[in-house]
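Peer 1: coords please:
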Amino acid sequence: MKETRFPEGWNEERVRKLLAHYEAQSDEEAVAEDEAAYESVTHTAMEVPTDLVPKVRELIAKRQCR
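Peer 2: Below is the predicted model of the structure:
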């Protein structure tokens with residue numbers, strides 16, 4: 001059996017809490033949360049062609065290392 005690996009800062013308890021949060025959400029709460037994400041003035045969402053995703057990730061990683 002393969003050992004479950006989590007991203008840095010995550011563990012099984014954190015994942016279970018996150019799942020419980022989303023499983024308990026009503027449809028209205030989920031929609032409100034999704035809509036609020038697009039109101040951010042510090043982040044943006046955009047569509048990126050699939051073949052460019054690796055390059056975009058690389059650029060973001062370089063910026064975060066600065």
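Peer 1: Check the burial of Glu39 by counting its neighbours.
Peer 2: Glu39: 7 surrounding residues under other C-beta atoms under 10 Å. Any C-beta I mention is one placed from the backbone N, CA and C, and that applies to glycine too.
Peer 1: Return the per-residue confidence for it.
Peer 2: Glu39 carries a pLDDT score of 86 in this model.
Peer 1: Quickly note the distance from it to Val15.
Peer 2: Distance, Glu39 to Val15, using C-beta to C-beta, to the nearest Å: 27 Å.
Peer 1: got it, and Val31?
Peer 2: In this view, Val31 and Val15 are 23 Å apart by C-beta to C-beta.
Peer 1: Beyond the host helix or strand of Ala20, next helix or strand please.
Peer 2: Per DSSP states H and E, Ala20 falls inside helix 12-24. For helix 12-24, the following helix or strand on the C-terminal side (DSSP H and E) is helix 27-37.
Peer 1: Mind exporting the C-alpha coordinates of that next one to CSV?
Peer 2: Extracted C-alpha coordinates of helix 27-37, given in CSV (Å, rounded to 0.1, in the frame of the first residue of the first chain):
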residue,chain,number,x,y,z
ASP,A,27,-25.5,25.0,-2.2
GLU,A,28,-26.1,28.7,-1.4
GLU,A,29,-23.0,28.8,0.8
ALA,A,30,-20.9,27.2,-1.9
VAL,A,31,-22.1,29.7,-4.5
ALA,A,32,-21.4,32.6,-2.2
GLU,A,33,-17.9,31.3,-1.5
ASP,A,34,-17.2,30.9,-5.2
GLU,A,35,-18.5,34.4,-6.1
ALA,A,36,-16.5,36.0,-3.2
ALA,A,37,-13.3,34.5,-4.7
